[in-house]
Structures are given as structure tokens and as C-alpha cells.
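In: Just the structure for this:
(one chain, ligands or ions: 1)
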Amino acid sequence: MDSILVRGNGPLSGEIPIAGAKNACLTLMPATLLTDEPLTLSNAPRLSDIQTMTQLLASLGAEVAALQDGLVLAMSSHRIDNHTADYDIVRKMRASILVLGPMLARDGHAVVSLPGGCAIGARPVDLHLRALEAMGADLDLRDGYVHARAPGGRLKGAVVDFPFVSVGATENALMAATLAKGTTVLKNAAREPEIVDLAQCLRKMGAQIEGEGTAEITVQGVDRLRGATHPVVADRIELGTYMLVPAITGGEVECLGGRIDLVAAFAEKLDEAGISVTETDRGLKVARKSGRIGAVNVVTQPFPGFPTDLQAQMMALLCTADGVSVLEETIFENRFMHAPELMRMGAKIDVHGGHATVSGVEKLKGARVMATDLRASVSLILAALAAEGETLVSRVYHLDRGYERVEEKLRACGAQIERVKGE
Ligand code: EPZ
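Out: Prediction:
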């Protein structure tokens with residue numbers, strides 16, 4: 001397993017290009033199953049999760065060609081000749097569950113392995129299943145798989161009222177609704193930019209959708225969808241992560257392709273902590289206003305609130321803030337695993353249930369630390385950039401799931417960072 005070695009090297013400045021959103025691409029790719037015509041995505045991120053989704057779609061009979069060094073994904077599923085999403089692939093990536101709605105909508109049947117949990121929580125899929133049942137699907141859970149069937153081969157429109165916001169369940173239901181017979185209304189739907197991006201792509205394919213980005217999405221089912229070409233929206237989590245590079249080290253960084261509407265709540269918090277975010281004609285320019293970062297409190301919320309996927313990274317910043325910060329994680333039940341690793345670097349953090357209290361120290365010290373999940377791994381890299389001395393972050397396969405060419409992008413801003421090949 002590879003590790004990444006980082007040496008604290010003072011203020012970092014430069015330009016960082018922001019890639020297409022992993023979490024948009026992972027829901028746009030299964031949309032190819034909704035049509036027998038070609039669906040082409042541009043601005044796709046080059047990540048291991050995208051390769052995993054490619055493998056899954058290919059196992060179902062779809063063709064996925066990665067062109068232009070993976071920036072373009074040319075997909076087509078003339079027909080689905082295997083309707084079973086196998087555990088061996090699904091267990092590697094939870095987003096695999098997003099093939100369920102499209103397969104069921106296209107051919108009236110699907111068998112998908114339950115994804116199982118992951119480091120940050122149990123992450124059940126009951127809301128996905130409840131939505132599809134509301135749309136007429138018969139679901140049979142046995143031997144770790146969901147066996148789904150639409151009576152008469154077609155789902156029917158329904159009112160789906162989510163008890164709480166779920167990004168994935170909204171995406172599965174939205175894709176399924178595009179081919180259902182009749183009207184579907186998704187209430188308490190997720191409002192994330194990735195949902196808006198999916199809806200815009202589906203509309204290009206001929207879907208009739210209104211209300212994406214609000215808590216209520218209405219879909220008029222159609223008989224078939226056509227192919228389309230769609231650019232993947234910029235990755236707001238990669239963007240927020242790299243906005244923290246000048247925040248945590250000093251210096252000034254321009255995030256190319258960054259859009260303020262994708263990170264408004266996050267940028268507000270940075271402003272409160274003493275970091276300026278300025279829109280330029282190429283993206284977002286970020287720099288410290290003056291002196292030390294101030295302590296701030298953070299509560300993670302569904303979009304448009306502060307994103308849970310930036311909580312670990314924000315904690316790394318607050319470890320050296322002037323004062324005490326409290327971070328409340330309301331989305332996942334176990335998303336503070338980066339805290340003990342940051343404490344190995346000298347951070348002062350108390351974790352009680354969903355709250356982490358961070359007492360700022362002057363400076364962190366380099367240490368050997370271990371990545372536990374995708375966003376925790378990059379928070380350790382951020383801490384290491386500003387720490388005194390060397391930090392070795394192990395198990396960086398987590399990092400490669402969601403951040404393309406992270407060493408290259410950081411080295412371009414003056415970071416001393418290199419990958420150490422593991423055994
Ligand atoms: C998506 O996961 C993202 N992943 C996550 O990003 C992100 O953290 C999450 O949304 C919240 O924004 C992708 O888009 C591929 P949820 P998802 O359904 O859809 C519970 C990253 O780092 N829940 O909104 O799985 C669930 O356990 C990843 O890129 C149920 O109980 O998230 C969680 O506590 C991590 N039953 C909460 O709801 C369900 O049926 C929100 O989950 C579904 C979810």
C-alpha cells in the first residue's frame with residue numbers, strides 16, 4: 001500500500017485546476033442504462049471510483065470507453081445482458097447501488113447486492129428501496145441481494161416523501177421516475193449540485209423534470225430516453241479542500257473552475273475564520289486576511305448547508321486556530337476518525353458522540369499517521385502541509401478514490417510532497 005510523505009514548507013501559492021465532481025459522475029454514469037443510445041460525459045474526473053463504476057457497468061453489458069486520458073467517458077448500453085450487480089464490485093463502492101433504479105426502470109427487473117457499510121457509518125439503503133416500492137416495485141431481500149421486479153415490466157409514478165434527506169435515494173428515485181408511467185413527486189429531496197447536474201443531463205436525454213435543486217422534484221415519466229452529451233459539474237468537495245491550502249499554510253491559491261455557488265456555506269465559514277474568498281474570471285482566489293485563523297463552530301447539514309464531506313478538512317484547519325471550535329457532524333454516525341490521527345500531530349481534540357471540540361495550538365508537528373477514509377486522508381495531508389517537519393500518511397488508496405493527481409496539484413503550489421511506493 002502506498003504512502004504519501006509531506007514536509008511542511010511554509011506558505012503555499014499558485015493555481016489548482018478543479019476536476020469534475022466524483023459524486024456527480026458516479027450518478028451520471030448509471031444513467032446510460034436508461035437508454036440504448038450513446039451517453040457521453042466530458043470533464044470526467046480520473047479516479048479509482050470512476051474505474052470501479054466503469055467495471056460495474058461493463059459487467060452489466062454497457063460499453064464505457066475512457067477517451068482523452070479519461071476526461072471523456074463515451075458510454076452506451078444497447079441492451080443490458082446481465083441484470084445482476086455483483087457483491088464483489090458493489091462492496092468496493094456504495095454508489096454501485098445507483099444502478100438499481102435505472103435497470104429497474106429500463107427493463108423491469110434488477111438484482112443488486114446490498115452495498116454493506118463503510119468506515120463512516122452503517123449507511124443503509126432503506127430509503128432507496130422504499131422509494132422504488134412506492135413506484136410499484138416488488139422487492140425481495142435475500143442472500144445479501146435486492147431482487148427487484150416491476151409488475152408488468154414498468155414502474156408507475158408516485159408521491160415519494162423522504163423522512164430525511166438522502167442524496168443517493170433521491171438520485172435512484174429520480175432516474176427511475178424518468179421512465180415510469182405517470183407523474184412522480186419527490187418530497188424532501190436532496191438539493192445537492194450533483195442532483196441538479198443529474199437532472200440537467202436527464203433533461204437533455206428527454207426526461208421531463210422540474211424543481212431540481214429544491215426540496216420537491218416533479219417528473220413526468222416518458223416511454224424512452226435518447227442519448228446526450230453532458231459536462232460533469234465541478235467538484236465542490238475538491239474545490240473546498242484546495243481552498244484550505246492557503247488557509248492552513250498562508251499564501252494565496254486560485255482554484256481554477258471553482259464556482260462560489262457550489263461552496264457558499266463553506267466560504268462563509270472561511271470568511272468568519274479570517275480567510276478571504278474572491279471570485280475571479282477563472283475561479284476562486286483564496287488567501288488569509290491577516291495573522292492567525294480564528295476559531296469557528298461548524299454544523300454539517302445537507303446542501304445548501306456546510307457539507308459533511310468538508311468536515312474533516314475544516315477540522316484540520318481549526319487545529320491551529322486561535323481559540324476553541326466545536327464541529328457537529330449530523331449526517332454520519334462515525335465521521336471523526338481523522339481526530340485521533342490529527343492528535344498524533346499534536347492537535348487537541350475532544351470527541352463526544354457527534355461533537356468534536358478542537359482547542360487550537362500554535363503549530364502541529366509531523367508524525368506517521370493513517371488514512372481511514374477518503375476525506376479523512378486529505379485532511380491529514382492538509383495538516384501535514386502546515387506542520388513542522390515530516391508526516392507520512394499511510395493507506396492512501398483512500399485518497400486516490402476521490403482526488404486526482406493530488407501530489408502534482410499541491411507541488412505546483414510549492415508543497416514538498418511525494419508518493420512512497422508501498423509493499
Ligand atoms: C452521498 O452519499 C455522497 N456519496 C457522500 O460522499 C456524501 O457524504 C453524502 O451523499 C452526504 O452528502 C456519493 O454521492 C457517491 P445519503 P449517500 O444517502 O448518498 C443515511 C464522499 O466522501 N441513509 O445522503 O450514501 C446515511 O447512512 C462520500 O464523497 C439511510 O439511513 O448519502 C447517512 O447517515 C462520503 N438510509 C445519511 O442518511 C438510506 O437509504 C445521508 O446519506 C440512505 C441514507
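In: CA only for contacts and neighbour counts going forward, please
Out: Will do.
In: Quick one: name the residues of this protein near the ligand.
Out: Neighbours of the ligand within the chain, by CA under 6 Å from any ligand atom: 23, 95, 122-128, 166-169, 308-309, 331-332, 374-375.
In: Only the buried subset of those residues, as a ChimeraX command please.
Out: With 16 or more other CA atoms under 10 Å as the burial test, the buried ones among the residues of the chain next to the ligand are selected in ChimeraX as follows:
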select :23,95,125,127,128,166,167,168,169,308,309,331,374,375
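In: So what's the predicted local confidence for the residue lying closest to residue 259 once chain neighbours are set aside?
Out: Leaving out its chain neighbours, the residue that sits closest to residue 259 by CA to CA, 6 or more residues apart in numbering is residue 283, at 6.1 Å. As predicted, residue 283 sits at a pLDDT of 98.
In: Also residue 333?
Out: Per-residue confidence (pLDDT) for residue 333: 89.
In: Does residue 87 touch residue 111 like I think?
Out: No: counting by CA atoms under 8 Å, residue 87 does not reach residue 111; the two are 10.4 Å apart.
In: Report the contact partners of the residue in the chain sticking out farthest from the centre.
Out: When distances are taken from the C-alpha mean of the chain, residue 152 lies farthest, 35.3 Å away, according to CA atoms, centre = their mean. Applying CA atoms under 8 Å, 6 or more residues apart in numbering, we find residue 152 in contact with residue 108.
In: Could you list the domains of this structure?
Out: According to automatic domain parsing, the chain comprises the domains 3-19+234-420, 22-231.
In: Report the separation between the two terminal residues of the shortest one.
Out: The distance separating the two terminal residues of domain 3-19+234-420, taken as CA to CA, to the nearest Å, comes to 5 Å.
In: Okay, helices next: where are they in the protein?
Out: All helices of the chain, identified by DSSP state H, fall at 22-28, 48-60, 87-90, 100-107, 126-134, 167-177, 193-204, 236-249, 264-273, 311-318, 338-344, 374-386, 397-402, 406-411.
In: Would you format the ones you listed as a markdown table with distance to residue 227 included?
Out: What follows is the helices of the chain, written out as a markdown table (distance: least, CA to CA, whole Å):
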| stretch | distance to residue 227 |
| --- | --- |
| helix 22-28 | 12 |
| helix 48-60 | 16 |
| helix 87-90 | 26 |
| helix 100-107 | 14 |
| helix 126-134 | 24 |
| helix 167-177 | 14 |
| helix 193-204 | 8 |
| helix 236-249 | 26 |
| helix 264-273 | 33 |
| helix 311-318 | 37 |
| helix 338-344 | 42 |
| helix 374-386 | 32 |
| helix 397-402 | 27 |
| helix 406-411 | 33 |
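In: Save the ones you listed as CSV, and put in mean pLDDT too.
Out: Supplementary listing: the helices of the chain in CSV, determined by pLDDT from 0 to 100:
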stretch, mean pLDDT
helix 22-28, 98
helix 48-60, 96
helix 87-90, 91
helix 100-107, 98
helix 126-134, 97
helix 167-177, 98
helix 193-204, 98
helix 236-249, 98
helix 264-273, 98
helix 311-318, 98
helix 338-344, 97
helix 374-386, 96
helix 397-402, 90
helix 406-411, 96
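In: do you know which of those lies nearest residue 187?
Out: The minimum distance between residue 187 and the helices of the chain falls on helix 167-177, with 9.3 Å, by CA to CA.
In: Could you give the separation of the closest one from the chain centroid?
Out: Helix 167-177 has its average C-alpha position 16 Å from the chain's average C-alpha position, going by CA atoms, centre = their mean, to the nearest Å.
In: List of residues touching it?
Out: Residues from elsewhere that reach helix 167-177 (CA under 8 Å, 6+ apart): 27, 31, 34, 95, 98-102, 104-105, 125, 127-128, 131-132, 135, 155-157, 183-184, 186, 189-192, 195, 198-199, 202, 219-221.
In: So what sits opposite the residue nearest to residue 259 in the bridge?
Out: Beta-bridge partners recorded for residue 283 (DSSP bridges): residue 256.
In: And residue 87 and residue 111? Which one has more around it.
Out: Set side by side, residue 87 and residue 111 give different neighbour counts by other CA atoms under 10 Å, the larger being at residue 111 (22 against 17).
In: Show me what the more buried one bridges to in the sheet.
Out: When residue 111 is checked against DSSP bridges, its beta-bridge partners turn out to be residue 84, residue 147.
In: show me the contacts for the residue in the stretch 251-400 of the chain positioned nearest to the ligand.
Out: Nearest to the ligand, among the residues of the stretch 251-400 of the chain, is residue 332, at 4.2 Å (CA to the nearest ligand atom). When the contact criterion is CA under 8 Å, 6+ apart, the partners of residue 332 are 120, 121.
In: And for residue 347?
Out: If you count contacts by CA under 8 Å, 6+ apart, residue 347 has them with 319, 320, 358, 359, 360, 361, 364.
In: Go through the residues you listed and give me the one with the most neighbours.
Out: When these are compared by neighbour count (other CA under 10 Å), residue 319 ends up highest, at 31 neighbours.
In: mind checking how far the residue lying closest to it once chain neighbours are set aside is from residue 175?
Out: Using CA to CA, 6+ apart and skipping the chain neighbours, the partner closest in space to residue 319 is residue 360 (4.8 Å). Here the distance between residue 360 and residue 175 works out to 45 Å (CA to CA).
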